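Asks: could you look at this predicted model? Sequence included:
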Amino acid sequence: MLEHRKMDTATKDGDSQAEARPKQRRRFGWYLIVLSALMMIGIAALAVIFRDDWSDFKEYGYVGAFVVSFMAGATVIVYVPGVPLVFALGCLLPYPFLVGIAAGLGEAAGEFTGYLAGRGSGSFLQNQKPGIGQRLYSRAEGWMKTHPYLTLFLASAVFNPFFDLIGATAGATRIAPWRFYVIVAAGKIVKGTYVAYFGMLGLDYILGWFNYEPL
């Protein structure tokens, strides 16, 4: 009789723990979503505050490329001129490839806002009603499950207005944060480097075409 009572108690404890786990995961997911939203809003606020001083960031060189690219990757609420600044710094600074590295590392760090949002809302994204959003997510999820690292790298290495969806999908499919950062940084460095070299090769010509003095 005593053994049966112990078994019943253990079964009830196991059931209560099993019921608590989904609630804990949902609560943790909401924390991540709120954290992501606060980061995005905070960075957007900074972008608005310094919107008249973007040209001054070129004085900070490679650090300026990192900071502005971080802000550009972290928020979609306010436009941050990350690419134009990297383009200009490629002409102004002696080593465009260092501009590309700094910009890539910064932008990849900023993309964690989308990753965290996806990590927290994975079940919602997977169970949303059929529609365009569901189709886009299903397509991105399929790519992420079959070729996750190639998808992240290629999506990072080009001008991609849908990268936030890719980043959120990476979070929802539980790609490790350090893997996400390393792969996205590699792609963003490629993008930042060719933008910087385009700036080195073409900015003076473009300014001259518009009858402006070179920077």
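Replies: Perfect, thanks for sending it.
Asks: when you work out contacts or count neighbours from here on, use the C-alpha atoms and nothing else.
Replies: Will do.
Asks: show me where pLDDT drops low in this structure?
Replies: 1-59, 121-134, 136-137, 203-215 (pLDDT under 70).
Asks: hey, where'd the helices end up in it?
Replies: Along the chain, the segments classed as helices by DSSP state H run 2-49, 61-74, 82-92, 96-110, 112-120, 122-127, 132-146, 148-156, 163-172, 177-209.
Asks: ok, the closest residue to residue 183 other than its chain neighbours - contacts?
Replies: Using Cα to Cα, 6 or more residues apart in numbering and skipping the chain neighbours, the partner closest in space to residue 183 is residue 153 (5.7 Å). Applying Cα atoms under 8 Å, 6 or more residues apart in numbering to residue 153 gives the contacts 183-184, 186-187.
Asks: neighbour-wise, which of those leads?
Replies: The most neighbours of any of these, using other Cα atoms under 10 Å, belong to residue 184, which has 28 neighbours.
Asks: wait, residue 81 touches residue 72, no?
Replies: Yes - Residue 81 is in contact with residue 72 according to Cα atoms under 8 Å; the separation is 6.9 Å.
Asks: who has more neighbours, those two?
Replies: Legend: neighbour count by other Cα under 10 Å for residue 81 and residue 72, higher for residue 72 (26 against 16).
Asks: contacting residues around the more buried one?
Replies: Neighbour list for residue 72: 79-82, 107, 110 [criterion: Cα under 8 Å, 6+ apart].
Asks: hmm, which of those residues are the buried ones?
Replies: Buried subset of these (neighbour count, 16 or more other Cα atoms under 10 Å): 80-82, 107, 110.
Asks: residues contacting the residue lying closest to residue 65 once chain neighbours are set aside?
Replies: Of all residues not flanking residue 65 in the chain, residue 103 sits nearest, at 5.1 Å (Cα to Cα, 6+ apart). Neighbouring residues of residue 103 by Cα under 8 Å, 6+ apart: 62, 65-70, 86, 188-189, 192.
Asks: from these, pick the one nearest residue 146.
Replies: For those, the closest approach to residue 146 (Cα to Cα) belongs to residue 188, at 21.5 Å.
Asks: neighbours of the residue nearest to the closest one when sequence neighbours are not counted, how many?
Replies: Among residues not flanking residue 188 along the chain, residue 104 sits closest, at 4.3 Å (Cα to Cα, 6+ apart). The tally of other residues near residue 104 (other Cα under 10 Å) stands at 29.
Asks: what separates residue 104 from residue 83, distance-wise?
Replies: Distance, residue 104 to residue 83, using Cα to Cα, to the nearest Å: 11 Å.
Asks: now for those two: what residues contact both?
Replies: Common neighbours of residue 104 and residue 83, using Cα under 8 Å, 6+ apart, are 69, 192.
Asks: and the residue nearest to residue 171 when sequence neighbours are not counted, how far from residue 198?
Replies: Leaving aside its sequence neighbours, residue 171 sits nearest to residue 119 (Cα to Cα, 6+ apart; 4.0 Å). Distance, residue 119 to residue 198, using Cα to Cα: 35 Å.
Asks: do residue 75 as well
Replies: Going from residue 75 to residue 198 by Cα to Cα gives 25 Å.
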